[in-house]
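Asks: Build the 3D model from these lines:
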Amino acid sequence: MTYFSIITPLFNKGNYISETISSVRGQKMPDWEMIIIDNGSTDCGPSIAHQYAQLDSRIHVIEFTNRQGPGAARNAGLQIAIGQWVLFLDSDDLIEPDYLAHRYKVAANLTKVQIIVGKWQEFEDIAPEKRVEKQPTQWKGDTSKIVETAIAYAPWALHAAIVRRDWLTQERKWIEQLDQVSSEDTAFWFTTVRGANIVWCDDADALYRIHTFNSRNMICDPAKWIQSVSKIIEHNLDYLKQKQMFPNPTQCENIFRVFESLYRLALKSELYSESQELQKLVYKFMNMSPPNLGIITRKVIGLRMFNFLRYGITYK
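Replies: Numbering: from 1, shown residues only. Here you go, the predicted model:
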């Protein structure tokens, strides 16, 4: 049986897909398949992918006749994947030659593990040799705490983790209704990490390209970004409600901090009606968070004054 299934949605990334595929073909661990789902590209990307498929029988290309979102593309890849483990690799990102070998070494010694995750490195096209090593936000060596942050933002770069394929049940697949918003991986990871046994792989061999010209996660449109992140958090809260659960205080604190960052973005972008709605949400989840000096200060002097004094953000 194939050990790794690598699923890659492709949409107008002709400038990058060759490098992405080459990083997979350069793996020291050869037991993999790569499923590339073209999502209605209008550039040379699909042609390049097909050329590689002719060279390497482990590469398969699927073409959607009608463009769909990245979640739908990833789910289509899951339907035909045969690997024991799944890696979601975007078409402009890379993995270093030891990536699969390192994770195989971890997985081979463990049976009751659903997710293996490691650090990653971020880089930009203008200086690809300058890489910044990253690890999950608020990482303190306890993977069980990941679910506390995952309710509000994706805990890691998408391809920093691999997931056991049989763990990706219907409930844990990509939520296609969120394909039209940015940061859709936050909703995917929130459902996927809940109840999972997560193991750490201490290798930063996932390479995450940032600030590409057509990245879905670039904040080029602040209003759209605010709407997207708010919708993702709302979805995660609805998911808990369906499970007859409520966010715990630590989850509320993470939600409040994300809404506060959106609130600052709204003020900077002069989106004042959005800032008023976000201010309500900040107070709502701040009041449900564990009390600390920062929260007490915000309540005493007010949210706007706090952000003015700390970040210098002015408002009308």
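
Asks: Could you pull out the helices in the chain for me?
Replies: Applying DSSP state H to the chain gives helices spanning 17-25, 45-55, 70-80, 99-107, 146-150, 185-193, 222-242, 249-268, 272-286, 293-301, 303-311.

Asks: Need the winner for burial among the ones you listed.
Replies: helix 185-193 (a mean of 25; mean count of other C-beta atoms under 10 Å). Bear in mind the C-beta positions are built from the backbone N, C-alpha and C, glycine included.

Asks: from the middle of its chain, how far away would it be?
Replies: Put simply, helix 185-193 sits 8 Å off its chain's centre (C-alpha atoms, centre = their mean, to the nearest Å).

Asks: pLDDT (mean, whole number) over it?
Replies: Averaged across helix 185-193, the pLDDT comes to 96.

Asks: before we move on, what about stretch 275-282?
Replies: Averaged across stretch 275-282, pLDDT comes to 96.

Asks: before we move on, the earlier item: with respect to residue 162, which of the helices of the chain lies nearest?
Replies: Of all the helices of the chain, helix 99-107 sits nearest to residue 162, with 5.5 Å by C-beta to C-beta.

Asks: related to what we said a few turns ago, now for the helices of the chain, which one comes closest to residue 34?
Replies: Across those, closest to residue 34 is helix 17-25 (C-beta to C-beta), at 5.2 Å.

Asks: which other helices and strands contact that closest one?
Replies: Helices and strands touching helix 17-25, by 3 or more C-beta pairs under 8 Å, 6 or more residues apart in numbering; DSSP states H and E, are strand 4-10, strand 32-38, helix 45-55, strand 94-95.

Asks: Now do the same contact list for the residue nearest to residue 43 when sequence neighbours are not counted.
Replies: Spatial nearest neighbour of residue 43, chain neighbours left out: residue 14 (3.9 Å); criterion: C-beta to C-beta, 6 or more residues apart in numbering. For residue 14, the contact set (C-beta atoms under 8 Å, 6 or more residues apart in numbering) comprises 41, 43-45, 48.

Asks: now for the helices and strands packed on helix 17-25, which one comes closest to residue 289?
Replies: strand 4-10 (35.8 Å).

Asks: pLDDT below threshold where in the chain?
Replies: 138-141, 213-219, 315-316 (pLDDT under 70).

Asks: re earlier: can you tell me which of the contacts of residue 14 is nearest residue 24?
Replies: residue 48 (13.4 Å).

Asks: Am I right that the closest one is in contact with residue 18?
Replies: Yes: using C-beta atoms under 8 Å, residue 48 makes contact with residue 18 at a distance of 5.3 Å.

Asks: Now do the buried residues in the strand ranked longest in the chain.
Replies: Longest strand in the chain by number of residues, with DSSP state E as the criterion: strand 198-209. The neighbour-count criterion (16 or more other C-beta atoms under 10 Å) identifies 198-201, 203-209 as the buried residues of strand 198-209.

Asks: Show me the two of those residues that sit farthest apart.
Replies: Across the buried residues of strand 198-209, no pair lies farther apart than 199 and 209, at 25.9 Å, counting by C-beta to C-beta.

Asks: returning to that earlier point: show residues contacting the longest strand of the chain.
Replies: By C-beta under 8 Å, 6+ apart, strand 198-209 touches 16, 23, 92-96, 98-99, 102-103, 106, 110, 113-125, 131, 133-134, 141, 143-144, 146, 157, 159-160.

Asks: now it and helix 185-193, what's the angle there?
Replies: 160 degrees (axes from the mean of the first three to the mean of the last three C-alpha atoms, to 10 degrees).

Asks: angle of strand 198-209 against helix 17-25?
Replies: 150 degrees.

Asks: What strands line up against strand 198-209, and which way round?
Replies: strand 94-95 (antiparallel), strand 115-124 (parallel) (DSSP bridges).

Asks: Would you confirm that residue 61 contacts residue 38?
Replies: Yes: between residue 61 and residue 38 there is a contact at 6.5 Å, judged by C-beta under 8 Å.

Asks: and residue 133, how far is that from residue 98?
Replies: 15 Å (C-beta to C-beta, to the nearest Å).

Asks: Those two: which has the busier surroundings?
Replies: More neighbours surround residue 98 than the other of residue 133 and residue 98, with 15 against 9 (other C-beta atoms under 10 Å).

Asks: contacting residues for the more buried one?
Replies: 28, 203, 205.

Asks: In contact with the nearest residue to residue 230 once chain neighbours are set aside: list those residues for me.
Replies: Excluding the flanking residues, the one nearest residue 230 by C-beta to C-beta, 6+ apart is residue 262, at 7.0 Å. If you count contacts by C-beta under 8 Å, 6+ apart, residue 262 has them with 225-226, 229-230, 278.

Asks: Using a markdown table, lay out the contacts of residue 98 together with distance to residue 81.
Replies: Output for these, formatted as a markdown table (distance: C-beta to C-beta, whole Å):
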| residue | distance to residue 81 |
| --- | --- |
| 28 | 21 |
| 203 | 23 |
| 205 | 21 |
